[in-house]
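> what shape does this take:
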Amino acid sequence: MTDPFAGYAGSLDDPASFCRNIEPSDSVPLPEVSRAIYIGTAGAVRLVDASGNVVLFEGLVGGSILPVRAQQVLSTGTTATALVAML
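Below you'll find the predicted structure:
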C-alpha cells in the first residue's frame, strides 16, 4: 500500500501515525510519550504527563480522546479501560 503523505513532515495537529494499547502500570512508563489517549471505556485516568506531573482526569467518557502527552499511565487511580496511546 502506498502512503501519499510519507514524504511530509508531521506536526502535532496531524492525525496519529501509530497506536499502542496501554497497560496501566505504577512502575513501567510507556515506550514513547503519547500525543493523545483514546478512552475505550468510561472512567478516570491517572497519568504522568510529559513534564513529570502526576494528574488525575476524572469523568472521562468512553469513546473519547484525551489530548495529553503522557509518559506513563498509572494503574493506581485509573478506572477507564481499553486505553490506546496515539503517537
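
> show me what contacts the residue nearest the centre of the chain?
Centroid check for the chain by C-alpha atoms, centre = their mean gives residue 37 as the closest residue, at 2.7 Å. By C-beta atoms under 8 Å, 6 or more residues apart in numbering, the residues touching residue 37 are 22, 45, 47, 65, 66, 68, 70, 73, 83, 84, 85, 86. For every residue, glycine as well, the C-beta is placed using N, CA and C.

> excluding chain neighbours, give the residue nearest to residue 75 in space.
Using C-beta to C-beta, 6 or more residues apart in numbering and skipping the chain neighbours, the partner closest in space to residue 75 is residue 24 (4.0 Å).

> so which strand or helix has that neighbour?
Residue 24 is part of no helix or strand when elements are defined by DSSP states H and E.

> state the number of residues packed around it.
By other C-beta atoms under 10 Å, the residues close to residue 24 number 20.

> quick one: it and residue 79 touch, right?
No - between residue 24 and residue 79 there is no contact under C-beta atoms under 8 Å: 9.7 Å.

> thinking again about what came up before, neighbour-wise, which one of the contacts of residue 37 leads?
residue 47 (26 neighbours).

> list the contacts of the closest residue to it other than its chain neighbours.
Spatial nearest neighbour of residue 47, excluding adjacent residues (C-beta to C-beta, 6+ apart): residue 70 at 4.4 Å. Contacts of residue 70 were listed using C-beta under 8 Å, 6+ apart, and they are 30, 33, 34, 37, 47, 48, 49, 50, 85.

> quick check: residue 70 vs residue 51, distance?
11 Å (C-beta to C-beta, to the nearest Å).

> next: residue 44.
20 Å.

> then residue 77?
Taking C-beta to C-beta, one finds residue 77 at 18 Å from residue 51.

> and the two? Which one has more around it.
Between residue 77 and residue 51, residue 77 has the larger neighbour count (other C-beta under 10 Å), namely 18 against 8.

> tell me the secondary structure at that one.
coil (DSSP: H, G, I helix; E, B strand; the rest coil).
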